[in-house]
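Asker: below is the sequence, then the predicted model.
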Amino acid sequence: MMKAISVRGTVASRISLWCAGTVLALGGGVASAAGVTDAMIKNDAVTTDQVLTVGLGLHGQRHSPLKTINAGNIGDLVPAWTFSFGGEKQRGQETQPLIYDGKMFITGSYSRLWALDAKTGKMLWDYQHRLPDGIMPCCDVINRGAALFGDLVIFGTLDARLVALNQDTGKVVWNEKLGDYKAGYSYTAAPLIVDGLVITGVSGGEFGIVGKVDARDAATGKLVWSRPTVEGHMGTFKGKDNGITGKTNASWPGDMWKYGGAATWLGCTYADDVGLVYCGTGNPAPWNAHLRPGDNLYSTSTVAIDVKTGKIRWSYQSTPNDHWDFDGVNEFIPFDMDGKKVGAKADRNGFFYVIDRANGKLINASPFVTRQTWASGVDLKTGRPIESGNRPGDPSQASGEKGESVFSAPSFLGGKNWMPMAYSPDTGYFYVPANEWGMDIWNEPITYKKGAAYLGAGFNIKPLYEDYIGALRAIDPRTGKIVWEAKNDAPLWGGVMTTAGDLVFTGTPEGYFKAFDARTGKELWKFQTGSGVVGQPATWEQDGVQYIAIASGWGGAVPLWGGDVAKKVKDISQGGMMWVFRLHESGADVAKN
Amino acid sequence: MRAAVSLWLLWTLLPGTVSAAATTPTDPLRSPNWAAMVERHLNGGPVVFDERVQVRMPQTAEDPMSVPVEAVVEGLENIQEMRLIADLNPLPLILIFRPTHADPFIAFRFKVEQSTPVRAAARTADGVWHVGGAWLTASGGGCTAPSYGSGSGLWRDQLNQVSAALWPRGEDASRLKLRVMHPMDTGLAAGIPVFHVESLSVEDASGRELAKIRTYEPVSENPVLSLNLHYRGVVDVRGRDIQGNRIRARVAP
């Protein structure tokens, strides 16, 4: 009559529903007394028996201290179990699994979430969010992971809701609105939890929405503060006005700031020593920059927000008056460099930035791609790019509808896109999944209409080289130099992880999950997962065994927006699978699972 | 979950002292599923068949997506709750009703998959389930078809909107009829996940509960419910669906 396991399918859960508000409240409280605490979340980066955060820690370094699996034995890495996401909804799977209390929590395409037994892969419950027909995700129906707090697992949906479910039962505890999906809002990034607050951004920068960062009480979903990321919009704190972001019309003309974009679609990281949440902001809207002269703050920036007050402490804008869709959303990863408290970011625009994490002062900026047509460098004194006059022409000055087209590198999909890099405190290197591509881009007239694409630009993406687009690069943040690289035919679109075993893991659209030597870049191991890998790896230890997990399932923005590049990936099979690996022992031992 | 179940059992058994050895009496409707229903949906009993509990509905389901039913208890005092069950539906439990300050009466519509007994079980303070029911003939398919709302794509715009009316019935009683806009998808139609209203409570102006209803997959799309409240005046309707979307309405006579 119904699936053997479902959100509310068992007799036990049926019977208990009735008394949820009365007797169960007592029982539930006892059962979940432990739960995930703020302290556990802050220690996640150095804890090996659980994975509580997407990014393996609030700073998002994606480094694990585990070294059971290392260069010496990686040849013995074999699958332990797999799990199919099922259904006909096999699209891009960009999730990272979370591990807590013997359970794995994963999100999937079309706003789905599963709880599995982490050791065996047995499904415990599933949740399929009911999506309206009118959702407007720009770049595939993906999700990038959940967050854990107390006895809750929390994730964002394509219709811009934030949903909290009980970790044991899968029952929805609260469900709050992040934005109006009809105006183009959605949410796909993993929420961040700091001091009992669940912190989220919004997606929808292609539809003229206004970016913001919200902090809610993680237990109840109630809004605590909200900080818009476009100048001129009022922030709130506990329902009261909390100051306008920036100064109205300081860097935006006329009314253009009202639909200014700057979507915070990749979420945030956090540094506890300075109490700041770092959120990247997307392109200003529309793409046609001739319509919005000025820097257009705080688009294409890293914005550092005081987690206690919801006010912006500092911001750094990597692409002022962006004309190429160089979203500044990329993760800002706090780390310590020669005793200095800094952070690093590999931007869509092709520069790798090192910035003082307390005050936002630029320390270094160096290219991590081979070609940048739009700027020749970054002035370290002013922090501004040195532009090379490579902007598309103004359509209002042209004879036809279209302005003059220019060739630009990187392309709008970026020297690096959403896929997160990793930092190893052991080697001191960042591992950046980069792509080498350019585009023809031209501008067109555009006016804002609710819920309609708000671009005013046309484009066509092209590879820069015959033999590769993707390149996993190890970068030394002290010098900005590329230490090693591993090229890949198709564009890289998956997250990176590094471990104390001196390994770097990432996946490829060709379907391989790969391990590299963290010091030399030598490819040590690969496994064919059956579909393109655009997920984020994670690793943990359970009963003395180190496990490594990756989602497989091709999709994301490349097949939808990739122009000439899309031809390179058009024959990749769809998928939707969680793969979990461990070191091979005797067959008998593995069978015991 | 196991702890919760035992608490529930404790709670249901506490008010009265019932012999645990009670055996299930022979089912007058001779349903092959009745023993399982008692086990799964009536906490294992004890159960008595009682003509004071009645299910009123057409003999034949003209529209399997929407079969009108009235469940009523007459001549039995102190009803703690009522459960409505269609034995041979793929999802038998239709709804649970707690008439805190209301008649042991509820009218609703439900989806039927095939011919089935439809039961009302009313639990008295001594823990005994008093059961009445009737056979419903149906050609079927009501549970496995997509809802109209899901088919049209318009369900989201009206989700959880409430229309309601109150009719005074004497000094301190009134009849409440309400409709909640919701696709009530069973999860059995291909590609459409389960999605239904989970709870509705009716409160007086001071927040006192007058009645509480738990609804499950078989309740028809855009549920229409009628209750007889022991109260006259403005009432608040509060509830949610299984995905945490809230239902809120205030109804004036």
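Answerer: Arrived safely, thanks for sending. Note that the coordinates shown come from a computational prediction; the quantities given were computed from them, not determined experimentally.
Asker: give me the neighbour count for residue A:522.
Answerer: By the criterion of other C-beta atoms under 10 Å in any protein chain shown, residue A:522 has 12 neighbours. For every residue, glycine as well, the C-beta is placed using N, CA and C.
Asker: scratch that, residue B:206
Answerer: Neighbours around residue B:206, by other C-beta under 10 Å: 7.
Asker: before we move on, what about residue B:236?
Answerer: Residue neighbour count, defined by other C-beta under 10 Å, stands at 16 for residue B:236.
Asker: can you give me phi and psi for it?
Answerer: Backbone dihedrals for residue B:236, given as degrees, to the nearest 10, come out at phi -110, psi 140.
Asker: so it bridges to which residues?
Answerer: Each beta-bridge partner of residue B:236 is listed here: residue B:203, residue B:250, as defined by DSSP bridges.
Asker: pull the residues that contact stretch A:438-445.
Answerer: Residues outside stretch A:438-445 that contact it (C-beta atoms under 8 Å, 6 or more residues apart in numbering or on different chains): A:287-290, A:324, A:371, A:373, A:392-396, A:401-412, A:455-462, A:464, A:563.
Asker: run through the bridge partners of the nearest residue to residue A:529 once chain neighbours are set aside.
Answerer: In space, and not counting its chain neighbours, residue A:529 is closest to residue A:552: 3.6 Å by C-beta to C-beta, 6 or more residues apart in numbering or on different chains. Beta bridges link residue A:552 to residue A:577, judged by DSSP bridges.
Asker: and residue A:552, how close does it get to chain B?
Answerer: For residue A:552, the distance to chain B equals 22 Å [C-beta to the nearest C-beta, to the nearest Å].
Asker: mind listing the helices for the chain?
Answerer: Reading this off chain A. In chain A, the segments counted as helices under DSSP state H are A:11-18, A:23-31, A:38-42, A:557-561, A:566-569, A:587-591.
Asker: not quite, go with chain B.
Answerer: Assigned by DSSP H, chain B shows helices spanning B:2-13, B:34-41, B:148-152, B:155-158.
Asker: count of neighbours near the closest residue to chain A within the stretch 151-253 of chain B?
Answerer: When distances are taken as C-beta to the nearest C-beta, the stretch 151-253 of chain B reaches nearest to chain A at residue B:244, 3.0 Å away. Around residue B:244 there are 19 other residues, counting by other C-beta under 10 Å.
Asker: give me phi/psi at it?
Answerer: The phi and psi values for residue B:244, taken as degrees, to the nearest 10, are phi 80, psi 10.
Asker: isn't residue A:233 up against residue A:210?
Answerer: Yes. The criterion here is C-beta atoms under 8 Å, and residue A:233 meets it with residue A:210 at 5.9 Å.
Asker: distance of the residue nearest to residue A:506 when sequence neighbours are not counted from chain B?
Answerer: In space, residue A:506 comes closest to residue A:496 once its chain neighbours are excluded; the distance is 4.6 Å by C-beta to C-beta, 6+ apart. With distances taken as C-beta to the nearest C-beta, residue A:496 is found 33 Å from chain B.
Asker: and residue A:496, what's its pLDDT?
Answerer: Residue A:496 is assigned a predicted lDDT (pLDDT) of 98.
Asker: against residue B:180, how distant is residue A:415?
Answerer: 51 Å (C-beta to C-beta, to the nearest Å).
Asker: more neighbours: which of those two?
Answerer: Legend: neighbour count by other C-beta under 10 Å for residue A:415 and residue B:180, higher for residue A:415 (30 against 25).
Asker: residue B:129 against residue B:120, yeah?
Answerer: No. Applying C-beta under 8 Å, one finds residue B:129 not in contact with residue B:120, separated by 9.9 Å.
Asker: the two: which has the busier surroundings?
Answerer: Applying other C-beta under 10 Å to residue B:129 and residue B:120 shows that residue B:120 carries more neighbours, namely 29 against 26.
Asker: in contact with that one, which residues?
Answerer: Applying C-beta under 8 Å, 6+ apart to residue B:120 gives the contacts B:53, B:54, B:55, B:71, B:72, B:73, B:82, B:83, B:84, B:131, B:132, B:133.
Asker: who's the nearest residue to the first one once chain neighbours are set aside bridged to?
Answerer: The shortest distance from residue B:53 to any residue other than its chain neighbours is 3.4 Å, reached at residue B:132 (C-beta to C-beta, 6+ apart). Counting by DSSP bridges, residue B:132 forms beta bridges with residue B:120.
Asker: least trustworthy helix or strand in chain B by mean pLDDT?
Answerer: Every helix and strand in chain B was compared by mean pLDDT, DSSP states H and E; the lowest is helix B:2-13, with a mean of 39.
Asker: picking that back up, rebuild the contacts of residue B:120 as TSV, extending it with pLDDT.
Answerer: Output for the contacts of residue B:120, formatted as TSV (pLDDT from 0 to 100):
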residue	pLDDT
B:53	97
B:54	97
B:55	97
B:71	98
B:72	98
B:73	98
B:82	98
B:83	98
B:84	98
B:131	97
B:132	96
B:133	96
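Asker: looking at it, residue A:292 is touching residue A:321, isn't it?
Answerer: Yes. Using C-beta under 8 Å, residue A:292 makes contact with residue A:321 at a distance of 7.3 Å.
Asker: hmm, back to that, if I look at the residue nearest to residue B:53, how far off is residue B:117?
Answerer: Residue B:132 sits at a distance of 11 Å from residue B:117 (criterion: C-beta to C-beta).
Asker: kindly report the same for residue A:215.
Answerer: Separation of residue A:215 from residue B:117 (C-beta to C-beta): 53 Å.
Asker: which one of these two has more residues nearby?
Answerer: More crowded of residue A:215 and residue B:117, by other C-beta under 10 Å: residue A:215, with 26 against 23.
Asker: next one: the spatially closest residue to that one that is not a sequence neighbour, what pLDDT does it get?
Answerer: Leaving aside its chain neighbours, residue A:215 sits nearest to residue A:197 (4.3 Å; criterion: C-beta to C-beta, 6+ apart). We have a pLDDT of 98 for residue A:197.
Asker: from residue A:428, how far out is the residue lying closest to residue B:216 once chain neighbours are set aside?
Answerer: Spatial nearest neighbour of residue B:216, chain neighbours left out: residue B:93 (5.0 Å); criterion: C-beta to C-beta, 6+ apart. Taking C-beta to C-beta as the measure, residue B:93 falls 61 Å from residue A:428.
Asker: out of the two, which sits in the more crowded spot?
Answerer: Using other C-beta under 10 Å, the more surrounded residue of residue B:93 and residue A:428 is residue B:93, with 22 against 15.
Asker: could you double-check that that one lies in contact with residue B:41?
Answerer: Yes. Residue B:93 lies in contact with residue B:41 (C-beta under 8 Å); the separation is 5.2 Å.
Asker: tell me, how many residues neighbour the one residue in the stretch 301-450 of chain A that gets nearest to chain B?
Answerer: The stretch 301-450 of chain A approaches chain B most closely through residue A:450 (15.1 Å), counting by C-beta to the nearest C-beta. By other C-beta under 10 Å, 13 other residues sit near residue A:450.
Asker: so what's residue B:227 scoring on pLDDT?
Answerer: Confidence for residue B:227, expressed as pLDDT, is 98.
Asker: that one is in contact with residue B:175, isn't it?
Answerer: Yes. At 7.3 Å, residue B:227 and residue B:175 qualify as touching, with contact defined as C-beta under 8 Å.
Asker: what does the stretch 51-200 of chain B put close to chain A?
Answerer: Contact residues (C-beta under 8 Å from any C-beta of the partner chain) of the stretch 51-200 of chain B with chain A: B:81, B:90-91, B:93, B:96, B:153, B:155-156, B:185, B:187-188, B:191, B:193-195, B:198.
Asker: biggest separation within those residues, which pair?
Answerer: Across these, no pair lies farther apart than B:81 and B:153, at 36.8 Å, counting by C-beta to C-beta.
Asker: okay then, goodbye and thanks.
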